[in-house]
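Student: Turn this into a structure:
(one chain, ligands or ions: 1)
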Amino acid sequence: MEKVISGIRPTGNLHLGNYFGAVKSFVQMQNEYDCMFFIADWHSLTTHPTPENIRRSVRTILAEYLACGIDPEKAPIYVQSDVKPVLELYLFLNMNAYLGELERVTSFKEKARTQPDNVNAGLLTYPTLMAADVLAHKADKVPVGKDQEQNMEMMRLFARRFNRIYQVDFFREPQSFHFTKDAVKVPGLDGSGKMGKSNGNCIYLCDDEATIRKKVMKAVTDSGPTERNQTKPEVIQNLFTLLELVSTQDTYDYFNDQYNQMTIRYGDLKKQLAADINAFCAPIRERILDFQNNEDYLLRIAQQGAERATESAEKTLREVRSIIGFRS
Ligand code: AMP
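Tutor: Numbers count the residues shown, from 1 in each chain. Below you'll find the model as predicted:
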C-alpha cells in the first residue's frame with residue numbers, strides 16, 4: 001500500500017473550507033492508503049508562537065481532526081516535535097542544501113518581504129525540514145496545495161542529491177497528491193471568492209448554533225434577480241455553493257427554482273442555510289468538545305502516533321547513518 005504523509009499547520013480552528021477542501025479527503029484517504037498525519041509544531045516556530053499557543057493549538061488540532069473522522073488506528077496522528085529522528089535527517093539534508101537554492105524559494109522570498117524583522121534560518125530551511133518529515137518515512141505521496149509545489153520539487157531534489165552523493169538508490173522521490181478533483185472551493189460569506197482565516201469570513205466547525213446563524217444572516221447578497229433564469233452573480237452563487245455542500249438536493253432545487261422564478265427571499269434561504277450548516281456541524285462540534293474534555297485520551301493518541309512514527313523514522317535513519325558513514 002502506498003504511503004501518504006501530510007503535515008498540518010497549527011493555524012487555529014478548522015473551518016468549512018478546511019473540511020470540504022482537505023480534511024474530508026484525508027478521512028477517505030485513510031481507507032485507501034497507508035496514511036500518517038502530523039502536526040507541524042516545529043515549522044510553526046518560525047513565527048515565534050508562545051508556549052501556551054503551541055500547547056493549545058496542538059490540542060485543538062488533535063481534537064478537531066479526530067472529530068472529523070481521522071481514525072488513529074488506521075492513520076497515526078502525531079506531533080512533529082515528538083519524532084526526534086526527523087531532526088537528525090534535517091541536519092543531514094541541510095549539509096547538502098545550498099544557500100542560493102533555498103533563498104530562491106518563492107515562499108521564503110515572500111516571507112522575507114512581509115516579515116523583514118524575522119528572516120530566520122528556520123524560514124530559510126523550511127524546505128529541508130519538510131523534506132525530512134516526508135523522507136524519514138519514505139512516503140510515496142504528499143497531499144499538498146499549489147503553494148507547496150516548489151517545496152515538493154526541493155524535496156525530490158534533496159532525495160536525488162542524497163542518492164547521487166552516496167551512490168545509493170535509497171530515497172524515492174515523493175509525489176504531490178492532488179485531491180482537487182474531489183475537493184471544492186468553499187466560498188466565503190462576504191462575497192469574496194474563498195473562505196479563509198485571513199479573510200475573516202469563516203464558519204468554524206466548532207461555532208455554536210447562534211454564531212452560525214449570526215454569520216449566515218449577515219452574508220452579503222444583492223437586491224434580487226432581475227430576469228428569470230439569469231446567471232447568478234458571485235455573492236449569490238456563493239450561498240448556493242454552500243447549500244450544495246450541506247443541504248439536501250430538494251432544498252437546493254427549491255431555492256434554485258425560486259431564484260429562477262424571481263420569487264426568492266434571501267432571508268428564507270439564509271435561515272435554511274444556517275439551519276443546514278448547523279445540522280452538519282453539530283455532531284462534529286459535539287465530538288470536538290468531547291475530545292477536548294478528554295486530555296488523557298488526546299495524550300494517548302499523540303503518544304501512540306509518536307511511537308509509530310518514531311519507529312518508522314528510526315528505521316530509515318539507521319540506514320541513513322550507515323550510508324553516510326556513521327555508526328548506525
Ligand atoms: P489553511 O488553513 O488556509 O492553511 O488551509 C489548509 C488547507 O485547507 C488548504 O491547503 C486547502 O486544501 C484547504 N482549504 C482552506 N480554505 C479552503 C476553501 N475556502 N475551500 C477549499 N479548501 C480550502
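Student: Gly224: neighbour count?
Tutor: 12 (other C-beta atoms under 10 Å). The C-beta positions use only the backbone N, C-alpha and C, and glycine is treated the same way.
Student: For the residue in the stretch 201-328 of the chain positioned nearest to the ligand, which non-adjacent residue is spatially closest?
Tutor: Closest residue of the stretch 201-328 of the chain to the ligand, C-beta to the nearest ligand atom: Cys202 (8.3 Å). The spatial neighbour of Cys202 that comes closest, neighbours along the chain excluded (C-beta to C-beta, 6 or more residues apart in numbering), is His15 at 3.8 Å.
Student: residues contacting the one you found?
Tutor: His15 is in contact with Val186, Met195, Gly196, Lys197, Cys202, Ile203, Tyr204, Leu205, counting by C-beta atoms under 8 Å, 6 or more residues apart in numbering.
Student: run the last query once more with 10 Å
Tutor: 21, 186, 188, 195-197, 201-207 (C-beta atoms under 10 Å, 6 or more residues apart in numbering).
Student: Write out the residues of the chain neighbouring the ligand.
Tutor: Residues of the chain lying near the ligand by C-beta under 6 Å from any ligand atom: 9, 11, 17-18, 20-22, 145, 183, 185-186, 194-197.
Student: Pull out the buried residues from those residues.
Tutor: Neighbour-count burial (16 or more other C-beta atoms under 10 Å) applied to those gives Gly17, Asn18, Phe20, Gly21, Ala22, Ala183, Val186, Met195, Gly196.
Student: What is the most widely separated pair among these?
Tutor: Of all pairs drawn from these, the one with the longest distance (C-beta to C-beta) is Ala183 and Gly196, at 14.4 Å.
Student: Report how many residues lie close to Asn294.
Tutor: When neighbours are counted by other C-beta under 10 Å, Asn294 registers 14.
Student: what about the helices in the stretch 101-250 of the chain?
Tutor: Ranges of helices within the stretch 101-250 of the chain are 106-114, 121-124, 126-135, 149-165, 209-217, 234-246, 249-260, based on DSSP state H, counting those that start in this stretch.
Student: Counting by contacts, list what the longest one packs against.
Tutor: Using 3 or more C-beta pairs under 10 Å, 6 or more residues apart in numbering; DSSP states H and E as the contact criterion, the neighbours of helix 149-165 among helices and strands are helix 85-95, helix 99-103, helix 106-114, helix 126-135, strand 141-143, strand 175-177, helix 295-324.
Student: so how far is that helix off the chain centroid?
Tutor: Helix 149-165 has its C-alpha centroid displaced from the chain centroid by 22 Å (C-alpha atoms, centre = their mean, to the nearest Å).
Student: Return the set of buried residues in it.
Tutor: By neighbour count on 16+ other C-beta under 10 Å, the buried set for helix 149-165 is Asn151, Met152, Met154, Met155, Arg156, Leu157, Phe158, Ala159, Phe162, Asn163.
Student: of the residues you listed, closest to Pro85?
Tutor: Phe162 (15.4 Å).
Student: Verify the stated contact: the closest one with Thr128.
Tutor: No - at 11.3 Å, Phe162 does not count as touching Thr128 under the criterion of C-beta atoms under 10 Å.
Student: what is in contact with the two at once?
Tutor: Joint contacts of Phe162 and Thr128 (C-beta under 10 Å, 6+ apart) are Leu89, Phe92, Leu93, Asn96, Leu135.
Student: From Asp222, how far out is the residue of the stretch 201-328 of the chain closest to the ligand?
Tutor: With distances taken as C-beta to C-beta, to the nearest Å, Cys202 is found 22 Å from Asp222.
Student: Over in the stretch 1-150 of the chain, which residue gets nearest the ligand? Let me know.
Tutor: Gly21 (1.7 Å).
Student: If we go by neighbour counts, what in stretch 137-150 is buried?
Tutor: Using 16+ other C-beta under 10 Å as the test for burial, stretch 137-150 gives His137, Lys138, Ala139, Asp140, Lys141, Val142, Pro143, Val144, Gln148.
Student: List the contacts of the second one.
Tutor: Put plainly, it is Lys138. So Lys138 contacts Lys3, Ile5, Ala159, Phe170, Phe171, Arg172, Pro174, Ser312, Ala313, Lys315, Thr316, Glu319 (C-beta under 10 Å, 6+ apart).
Student: Would you mind listing which of these are buried?
Tutor: Taking 16+ other C-beta under 10 Å as the criterion, what is buried in the contacts of Lys138 is Lys3, Ile5, Ala159, Phe171, Pro174, Ser312, Ala313, Thr316.
Student: Pick out the most distant pair among those residues.
Tutor: Using C-beta to C-beta, the pair of the buried ones among the contacts of Lys138 lying farthest apart is Ala159 and Ser312, separated by 16.6 Å.
Student: still on that earlier bit, so which of Cys202 and Asp222 has more stuff around it?
Tutor: The neighbour count for Cys202 versus Asp222, taken as other C-beta under 10 Å, is higher for Cys202 (22 against 13).
Student: Got the phi and psi for Arg104?
Tutor: phi -80, psi -10 (degrees, to the nearest 10).
Student: Give me the local confidence score for it.
Tutor: Note for Arg104: predicted pLDDT of 97.
Student: isn't Ala139 right next to Glu2, touching?
Tutor: Yes - Ala139 is in contact with Glu2 according to C-beta under 10 Å; the separation is 8.4 Å.
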